[in-house]
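Peer 1: predicted structure and sequence below. I'll ask about it afterward.
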Amino acid sequence: MGPSNAGGELVASDAGSSSSISAPMAAPAHATSASTPAIAQRRKCLIAGIVPRAREIFLKLAIVVALVLLPAVARADELIVGALRDQDGNVVAGASVTALDGRGHTLARDRSAADGTFALTTPTRPASVLIVARDAEPLHVTVPADGSPIAAIVRHHRAVDLVPSVADVAALPAGQLSAVGEIVPYRISFPGSITDRWLASGRGATTLEGLAFYRRGDGGDATSLLPAHALGAITATDPLEAVWYGDRAGGGIIDAQLFDRADAQRVTDRDAAFSFGRDPIGLVATSWDADGERRLVAARGGGQLGPVQATVVTLVGDAPGTRYDGAGLELHTSTQRTDLAARFDLTETNADALNASPDNGSVAEALFDASGRGPNAIALRLRWRDERGLLGDAASEHRDAALVLGTTRGGTVRVTAAVALDYGADLPYEAPAGNAFAVLPSLSANAPLNADWSLQAGLGDSTLGTPGLALARATLGQIGLAYADRHRLRAEVVAYAEGDAAPAALNRGFGVSLGWEIAPRLSLRAWSLRDVDALDATVPVYPGGALESVVASNRFDRDLVWLTWDAPVRFDLLVREGALEGNVRVPLAGRYALTVGSYRRPNGTRTISAGVVAR
């Protein structure tokens, strides 16, 4: 019916008939069939044009992204390295190092290591680093554009250097060990000894590179052996640490360091010293003093023996009427939890010419140390010393040995404790040998009262090494109040009392010390010591002889004032025991400097020295 007719009509109809209205509806089906190849061809052409354009756009976008991201990736690997030293050339450890961008924002932080080095990784190259070290002004250093390491000089406040630094020792006018040692607060120098506050009956321990020189016959030690300006630095040990060392350390310890020095060479009209090698490894020194000439030759060497670091020190010298020599071996190694060390020393002193009769002494010593790691670690020391002396026909021998345990504990309040099980033996001339044991405790505490003030207290025992006695002990108690503003001012007042058992003596007094950096290059350091009463002691008339009471009517009062202008041209002025001393160092070309000084010799005469030094 309809469909067949309709189909026939559609095919046969004319273009102008009324049935042509339905033609547009039927045309697409017929047209699709007819134009498929053309459409496919058009699509291929379209795709062929779009793909290259899309690829081009993608590549351009990739290039833009790479240009944006690659510098950022490169900047993420920025490494800033450097090293810190102070104005004296000493390593600055534990300083805070902060990398800053141009707007002052923090990019990275680090702390300088034990050797003074630091390393910072930053997302972008910093504009500068901020260095903050204890007892020093903050320091801004510009980061080099070429990426070279940063070498920064941190200027420590001189107010904290109450013990002379390496640069201080080089600049002092008087270079004898006794003259340098009594710069340290409360140290008193007498012919043949340096002691802290006249403790331990006026006998402290003096060593050269850790080597002990001692004659039991007349009590002579290392104080007067060295040529002037042969030492480069000193270290001072508190009397409350005496249990770690042994006899005479109750009067404090002064150690002269020969190889840690500011001046590699020094030539003046009064003394000369030449160090050579790296570190250095050798030293030759001499001085022309009022009592005669002093000479010294010393060497140091070391190396790695498997896991053990070994260091050897040897020295030989002579002073007026005296010859001396010594050698020491140090060994160090460590495990993950423990540090281990050992030391063996042997020294000999011969003063026959000084006393026109046999007068010599020798010291043999061995130390073994073990300590844990960490803030509350325990330290252990096993020490042994044998001292022998000959004075005229009288020979003597003394032995001192101990097992020592110690630790430091606490957070805000720090407490340091040690105890020694001590053994002493004495073999005097033509007298029965004696030996004794004792437990020697030591305890000290430091308690901050606020940000600037702190309270310090301590109590400890020590051994005196008195000839004729196996074990003579002393007990020291002290209390002090200290102030430090962490910048330019440091002050302390300390009161003390010491009782010696053999020989019997009582020593009491108080001391005041001050360190003040008046300006960045101008510093004042001073200390004063006052005896509360005279020294009343019972001592043997001669070694091993009968005891006799002695009252020292002269009080051991001491004052020292030291003013330093620390600039390229350095000035030092000192007032000690009422006498004025001074020194000036003027830079010359390169590493050389002119030095001129004036000081008072031990015999009371004033002298002037002038010469050239080389760093």
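Peer 2: Ah, there it is.
Peer 1: would you mark the buried spots in stretch 124-131?
Peer 2: For stretch 124-131, a neighbour-count test (16 or more other C-beta atoms under 10 Å) marks 126-131 as buried. Every residue, glycine included, has its C-beta placed from N, CA and C.
Peer 1: alpha carbons only: can I get it in PDB?
Peer 2: The C-alpha trace of stretch 124-131 is given here as PDB (Å, rounded to 0.1, in the frame of the first residue of the first chain):
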ATOM      1  CA  THR A 124      68.800  29.000  46.200                       C
ATOM      2  CA  ARG A 125      72.200  30.600  46.500                       C
ATOM      3  CA  PRO A 126      72.100  32.700  49.700                       C
ATOM      4  CA  ALA A 127      73.200  36.300  49.800                       C
ATOM      5  CA  SER A 128      75.000  35.900  53.100                       C
ATOM      6  CA  VAL A 129      75.600  33.700  56.100                       C
ATOM      7  CA  LEU A 130      75.100  34.800  59.800                       C
ATOM      8  CA  ILE A 131      77.700  33.400  62.200                       C
END
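Peer 1: now what about that stretch, what contacts it?
Peer 2: Contacts of stretch 124-131 with the rest of the structure, by C-beta atoms under 8 Å, 6 or more residues apart in numbering, involve 75, 78, 80, 82, 84, 95-102, 107-108, 120, 138-143, 150, 152, 154.
Peer 1: now with 7 Å?
Peer 2: Stretch 124-131 has contacts (C-beta atoms under 7 Å, 6 or more residues apart in numbering) with 75, 78, 80, 84, 95, 97-102, 107, 138-143, 150, 152, 154.
Peer 1: and the strands in the stretch 301-450 of the chain, which stretches?
Peer 2: Listed in chain order, the strands of the stretch 301-450 of the chain (DSSP state E, counting those that start in this stretch) span 308-319, 322-334, 338-350, 359-372, 378-391, 394-409, 414-427, 434-448.
Peer 1: switch these over to CSV; also include mean neighbour count.
Peer 2: Formatted as CSV, those follow (neighbours: other C-beta atoms under 10 Å):
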stretch, mean neighbour count
strand 308-319, 18
strand 322-334, 18
strand 338-350, 18
strand 359-372, 19
strand 378-391, 19
strand 394-409, 18
strand 414-427, 19
strand 434-448, 16
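Peer 1: and those strands: which comes nearest residue 257?
Peer 2: For the strands of the stretch 301-450 of the chain, proximity to residue 257 was assessed by C-beta to C-beta; strand 308-319 is nearest, at 10.4 Å.
Peer 1: tell me which element residue 180 falls in.
Peer 2: helix 177-181 (DSSP states H and E).
Peer 1: packing partners of that helix?
Peer 2: strand 187-190 (3 or more C-beta pairs under 7 Å, 6 or more residues apart in numbering; DSSP states H and E).
Peer 1: gap between residue 180 and residue 221?
Peer 2: Going from residue 180 to residue 221 by C-beta to C-beta, to the nearest Å gives 15 Å.
Peer 1: returning to what we had before: out of the buried residues of stretch 124-131, list just those in strands.
Peer 2: 128-131 (DSSP state E).
Peer 1: pull out the buried positions in stretch 574-587.
Peer 2: 574, 576, 581-585.
Peer 1: so of the residues you listed, which ones are in helices?
Peer 2: Among those, DSSP state H puts none in helices.
Peer 1: of those residues, which is the nearest to residue 422?
Peer 2: residue 576 (35.9 Å).
Peer 1: next, count neighbours for the closest residue to that closest one other than its chain neighbours.
Peer 2: The shortest distance from residue 576 to any non-neighbouring residue, by C-beta to C-beta, 6 or more residues apart in numbering, is to residue 560 (4.7 Å). Using other C-beta atoms under 10 Å, residue 560 has 20 neighbouring residues.
Peer 1: any chance you could list what contacts stretch 404-423?
Peer 2: So stretch 404-423 is in contact with 243-244, 376-381, 383, 401-403, 437-448, 463, 471, going by C-beta under 7 Å, 6+ apart.
Peer 1: where exactly do the strands run in the stretch 101-250 of the chain?
Peer 2: Under DSSP E, counting those that start in this stretch, the stretch 101-250 of the chain gives strands at 106-111, 117-122, 128-132, 139-142, 150-154, 187-190, 193-196, 205-208, 211-212, 233-237.
Peer 1: which one of those strands lies nearest to residue 165?
Peer 2: Using C-beta to C-beta, those put strand 233-237 closest to residue 165, at 7.4 Å.
Peer 1: list the buried residues for that closest one?
Peer 2: Under the neighbour-count criterion of 16+ other C-beta under 10 Å, strand 233-237 has 233-234, 236-237 buried.
Peer 1: now do stretch 112-123
Peer 2: Quick answer for stretch 112-123 (16+ other C-beta under 10 Å): 112, 116-118, 120, 122.
Peer 1: and which of those is nearest residue 201?
Peer 2: Closest approach to residue 201 among the buried residues of stretch 112-123 (C-beta to C-beta): residue 116, at 42.0 Å.
Peer 1: who are the contact partners of that closest one?
Peer 2: Contacts for residue 116 (C-beta under 7 Å, 6+ apart) come out as 83-85, 91-93.
Peer 1: residue 273 is in contact with residue 282, correct?
Peer 2: No. The pair residue 282 / residue 273 is not scored as a contact, 11.2 Å apart, by C-beta atoms under 7 Å.
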